[in-house]
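*Asks:* got a predicted model here, sequence first, then my questions.
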Amino acid sequence: MRIHFIAIGGSAMHNLAIALAKKGWHISGSDDVFFEPSVSRLSANGLLPEKDGWFPEKIVPEIDAIILGMHARADNRELLKAIELGLRIYSYPEYIYEYSKNKLRVVIGGSHGKTTITSMILHVLKDAGKDFDYLVGAQLEGFDNMVRLSDAAPVIIIEGDEYLSSAIDRRPKFHLYHANIGVISGIAWDHINVFPTFENYINQFSLFIKTFGQGGKLIYSKSDEVVAGVVTNDNSNVQKIPYSLPAYHINNGITYIITGTTEYPLQVFGEHNLLNLEAARLVCENLGIAAPDFYKSIATFKGAARRLELVGRNENTSFFKDFAHAPSKLKATIAAVKLQFPNRKLLACIELHTFSSLNKEYLDQYAGTMDEADTAVVFIDKKTFEQKKMAPYGAEIVKTAFGRDDILFFNDPFDLEKYLAGIKFHHLNLLMMSSGNFGGLDLKALAGKIL
């Protein structure tokens, strides 16, 4: 097969390109901007384009398929050439379905927890020696790529994003997979540039259930009122399997799951992660993994990258980074660290980085989300406003939206680093949360200074 990727530098796109190249297929691609780790990973696999940019001359009749990334616009010159030649054009979720339509498809959906639930399932299946394909949104320990596609594996585990598929396919990605087993972990308004009302956003999950294959199963969090409402109102012929918080206790900073008379120590923590674990357990149960075997395996799960990831620690301070950026994620992550370390104070820092989080119309969704933090810091890189062509605002608007007059506000990464490096971290944890990179701040170097 000869396949060309338009916007090969994207997170899912470059991993899919690598996965297909490992099958021996002829892979080419273009993009106008590349970031790490895609640069290093594409280069290591001989797939990094010689030049940044779009080159219509790469689009030739001999190409079997085009895979179009979300980064490419509808007027992309390579895309227009592909349309002119009548080539088959897929979005990457469309291609994943085409490749896996004869496999059992497990799709993990929800506004939060998708990556962690998917990662937990992959960890347990690998430990059990199962053969499976997958698509996950983070780099995992023990997996050399974020995508695997094989001919033999009977099942594929897919992290199902609700964002749009491509510039010419406005359907949410997770609608295209036609799940046999699906998960909805929670629903909290996100992507307001695409879903301008919460009702419109919720409807995408109702439609997701209706895409399930015959005999489909839905595993859902009954603890989430919005999810419970969607499931109650659904009349499709899908088996509905609820889950809720399992029994647990915390001892000396370690969380233990309790099942009957047996306790299993975990390397992850937080009630949101315990809910994620229950979703993963039910998926694995439906794939033939008994509960005791699941718990034994999950005890060695260290978490997905940037999901309450430990940057460093000493005897009285732990420094975590997390991908949390939406309000529900922010609140859950702060609560998790406070519950796990009740005798330590917490300095929590959130970077507002996405279009939704920076939008003043949406900002009041963050009201109360940092109340549990002893010290709350909000960072917005002033360059982000420029890049997104948004009017900047300052500390007072942020304080009003979050409902905390004592919030510390920074818009320069140097000033933020100087502030954090000047604090005496004694019985004080640090939690840095962002889907960005804090303006290029080196968190490992910062850990060296404060620990």
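*Replies:* Everything's here; your move. Here the structure is a predicted model, which means the values were calculated and not measured.

*Asks:* all helices for the stretch 1-150 of the chain, in order.
*Replies:* All helices of the stretch 1-150 of the chain, identified by DSSP state H, counting those that start in this stretch, fall at 11-21, 38-44, 77-85, 92-100, 114-127.

*Asks:* how's this structure carved up into domains?
*Replies:* Following automatic domain parsing, one gets these domains for the chain: 2-87, 95-298, 309-450.

*Asks:* compute the mean per-residue pLDDT across the second one, please.
*Replies:* Meaning domain 95-298. For domain 95-298, the mean pLDDT works out to 95.

*Asks:* could the domains of the chain go into JSON lines alongside mean neighbour count?
*Replies:* C-beta: built from backbone N, CA, C; applies to glycine. Formatted as JSON lines, the domains of the chain follow (neighbours: other CB atoms under 10 Å):
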{"stretch": "domain 2-87", "mean neighbour count": "17"}
{"stretch": "domain 95-298", "mean neighbour count": "19"}
{"stretch": "domain 309-450", "mean neighbour count": "18"}
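
*Asks:* which residues of the stretch 351-451 of the chain score low on pLDDT?
*Replies:* For the stretch 351-451 of the chain, applying pLDDT under 70 flags no range at all.

*Asks:* all helices of it, in order?
*Replies:* Here the stretch 351-451 of the chain has its helices, by DSSP H, counting those that start in this stretch, at 355-358, 382-387, 395-402, 413-421, 443-450.

*Asks:* the stretch 151-300 of the chain too?
*Replies:* For the stretch 151-300 of the chain, the helices defined by DSSP H, counting those that start in this stretch cover 198-210, 225-233, 271-286, 291-298.

*Asks:* and of these, who's closest to residue 316?
*Replies:* helix 271-286 (23.4 Å; CB to CB).

*Asks:* if you count contacts, what does that closest one end up packed against?
*Replies:* strand 104-109, helix 114-127, strand 181-184, strand 217-221, strand 239-243, strand 254-259, helix 291-298, helix 327-340 (3 or more CB pairs under 8 Å, 6 or more residues apart in numbering; DSSP states H and E).

*Asks:* measure how far the third one is from the centre of its chain, please.
*Replies:* Just to be clear, that refers to strand 181-184. Distance, stretch centre to chain centre, for strand 181-184: 16 Å (CA atoms, centre = their mean, to the nearest Å).

*Asks:* contacts for that strand, please.
*Replies:* Strand 181-184 is contacted from outside by 104-110, 117, 160, 205, 208-209, 212, 216-221, 227, 230-231, 279, 283, 286, using CB atoms under 8 Å, 6 or more residues apart in numbering.

*Asks:* mind putting the helices of the stretch 151-300 of the chain into JSON lines with distance to residue 86?
*Replies:* Output for the helices of the stretch 151-300 of the chain, formatted as JSON lines (distance: least, CB to CB, whole Å):
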{"stretch": "helix 198-210", "distance to residue 86": "30"}
{"stretch": "helix 225-233", "distance to residue 86": "40"}
{"stretch": "helix 271-286", "distance to residue 86": "40"}
{"stretch": "helix 291-298", "distance to residue 86": "48"}
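
*Asks:* can you tell which of the ones you listed is closest to residue 345?
*Replies:* helix 271-286 (20.2 Å).

*Asks:* and the contacts of the closest one?
*Replies:* Counting by CB under 8 Å, 6+ apart, 106, 108, 112-113, 116-117, 120-121, 124-125, 157, 181, 183, 185, 217, 219, 221, 223, 241, 243-246, 248, 255, 257, 266, 268, 291, 294-295, 298, 303, 308, 332-333, 335-336, 339 sit against helix 271-286.

*Asks:* what's the angle from that helix to helix 114-127?
*Replies:* Put simply, helix 271-286 runs at 40 degrees to helix 114-127, going by axes from the mean of the first three to the mean of the last three CA atoms, to 10 degrees.

*Asks:* so helix 271-286 versus strand 217-221, what angle?
*Replies:* Going by the same axes, to 10 degrees, helix 271-286 makes 160 degrees with strand 217-221.

*Asks:* run the chain-centre distance for helix 271-286.
*Replies:* On CA atoms, centre = their mean, the centre of helix 271-286 falls 16 Å from that of its chain.

*Asks:* which among the helices and strands packed on helix 271-286 is found nearest to residue 65?
*Replies:* Here strand 104-109 is closest among these (CB to CB), at 19.9 Å.

*Asks:* elements contacting that closest one?
*Replies:* Under the contact criterion of 3+ CB pairs under 8 Å, 6+ apart, strand 104-109 touches helix 114-127, strand 155-159, strand 181-184, helix 271-286.

*Asks:* any idea of the angle that strand forms with helix 92-100?
*Replies:* 160 degrees.

*Asks:* could you dump strand 104-109 to CSV, C-alpha only?
*Replies:* In CSV, the C-alpha atoms belonging to strand 104-109 read as follows (Å, rounded to 0.1, in the frame of the first residue of the first chain):
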residue,chain,number,x,y,z
LEU,A,104,-14.0,-6.3,18.1
ARG,A,105,-13.9,-2.6,18.6
VAL,A,106,-13.6,-1.2,22.2
VAL,A,107,-14.0,2.6,22.2
ILE,A,108,-13.3,4.7,25.3
GLY,A,109,-15.3,7.9,25.3
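
*Asks:* what lines up beside that strand in the sheet?
*Replies:* Applying DSSP bridges to the sheet, strand 104-109 is found paired with strand 155-159 (parallel), strand 181-184 (parallel).

*Asks:* contacts for the longest one next, please.
*Replies:* With contacts defined as CB under 8 Å, 6+ apart, strand 155-159 is touched by 96, 100, 103-108, 114-115, 118, 121-122, 125, 130, 132-137, 149, 177, 179, 283, 287.

*Asks:* residues touching residue 88, list them.
*Replies:* So residue 88 contacts 64, 65, 66 (CB under 8 Å, 6+ apart).

*Asks:* ok, it to residue 356 distance?
*Replies:* Applying CB to CB, to the nearest Å, the value for residue 88 to residue 356 is 33 Å.

*Asks:* ok, residue 182 next?
*Replies:* The gap separating residue 182 from residue 356 is 24 Å, by CB to CB.
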